[in-house]
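Asker: Provided below for reference: sequence and predicted model.
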Amino acid sequence: MSDIVIAENPILKQIATEVPLADIPGEHIRGIIAHMKKTLSREPLGVAIAAPQIGESLRIFVVAGKVFMARKGEDAPAEPDRVYINPEVLKMSRKKEPMHEGCLSVRGSGPDMLLWGTVERAQKMRIRAYDEHGVQAEHKASGFLSQIFQHEIDHLEGILYTERAVHVQEEKDPSYGT
């Protein structure tokens with residue numbers, strides 16, 4: 001049984017609440033982040049997850065370490081999952097690119113089916129966010145990582161990718177049963 005909130009849940013339509021900086025090192029936020037990481041690790045196709053997807057309307061998302069490993073190459077050492085708290089978009093490129101996109105909260109008609117669509121996403125962007133230790137930094141992203149940032153920030157704004165997508169279709173989940 002998945003801990004992931006599905007599209008019909010109203011929490012996914014809410015604008016998530018900022019995390020007070022004093023709360024970042026606290027047990028409650030650490031617990032939420034740990035739950036997000038664990039939930040994401042159980043999803044073979046998952047590359048990121050936002051707090052609303054586990055039922056917490058907070059401005060937090062996690063990007064799986066495998067995303068950063070893929071950017072460095074197969075022989076790169078394992079990368080940890082990265083946490084982004086209270087992300088703020090600083091800049092987005094005007095140039096957009098159609099990208100194939102899915103979502104852990106948007107499932108298809110059966111347990112082994114997923115919905116996929118094409119979404120126009122900025123090719124590059126820069127955000128500012130806090131990490132799980134309360135350290136603020138700027139992060140540049142391009143290509144797939146830029147897409148992930150935009151998708152997760154949309155979740156924090158109460159927007160599902162299907163609201164931006166064209167050519168949404170159902171496909172069999174290649175990881176079903178793994």
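Answerer: Yes, it's here.
Asker: for the chain, what helix or strand is lowest in average pLDDT?
Answerer: helix 65-72 (a mean of 82; mean pLDDT, DSSP states H and E).
Asker: what comes up buried for it?
Answerer: Gly65, Val67, Phe68 (16 or more other CB atoms under 10 Å). The C-beta positions use only the backbone N, C-alpha and C, and glycine is treated the same way.
Asker: and these, which is closest to Gly102?
Answerer: Val67 (14.6 Å; CB to CB).
Asker: now do the closest one against His139, distance only.
Answerer: 12 Å (CB to CB, to the nearest Å).
Asker: who touches the least confident helix or strand of the chain?
Answerer: Val47, Ala48, Ala76, Pro77, Ala78, Glu79, Pro80, Asp81, Arg82, Phe144, Leu145, Ile148 (CB atoms under 8 Å, 6 or more residues apart in numbering).
Asker: who wins on neighbours among the residues you listed?
Answerer: Among these, Ala48 has the most neighbours (other CB atoms under 10 Å), with 25 neighbours.
Asker: partners of that residue in the sheet?
Answerer: Val63 (DSSP bridges).
Asker: my guess is it contacts Ala64, does it?
Answerer: Yes - at 6.4 Å, Ala48 and Ala64 qualify as touching, with contact defined as CB atoms under 8 Å.
Asker: what segments of this protein are helices?
Answerer: Taking DSSP state H, the helices of the chain run over residues 27-41, 65-72, 143-156.
Asker: worst average pLDDT in these?
Answerer: Sorting those by mean pLDDT places helix 65-72 lowest, at a mean of 82.
Asker: could you export that helix as CSV, CA atoms only?
Answerer: Provided in CSV are the C-alpha atoms of helix 65-72 (Å, rounded to 0.1, in the frame of the first residue of the first chain):
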residue,chain,number,x,y,z
GLY,A,65,20.0,10.9,-5.4
LYS,A,66,19.8,8.7,-8.5
VAL,A,67,19.0,11.9,-10.5
PHE,A,68,22.3,13.4,-9.6
MET,A,69,24.2,10.1,-10.2
ALA,A,70,22.7,9.9,-13.7
ARG,A,71,24.0,13.5,-14.4
LYS,A,72,27.5,12.4,-13.4
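Asker: that older thread, among the buried residues of helix 65-72, which one sits closest to Glu163?
Answerer: Taking CB to CB as the measure, Glu163 sits nearest to Val67 out of the buried residues of helix 65-72, at 23.4 Å.
Asker: right, and Leu45 touches Glu101 too?
Answerer: No - the criterion here is CB under 8 Å, and Leu45 misses it with Glu101 at 11.6 Å.
Asker: dump the helices of the chain to CSV, plus distance to Ile54.
Answerer: Formatted as CSV, the helices of the chain follow (distance: least, CB to CB, whole Å):
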stretch, distance to Ile54
helix 27-41, 6
helix 65-72, 18
helix 143-156, 11
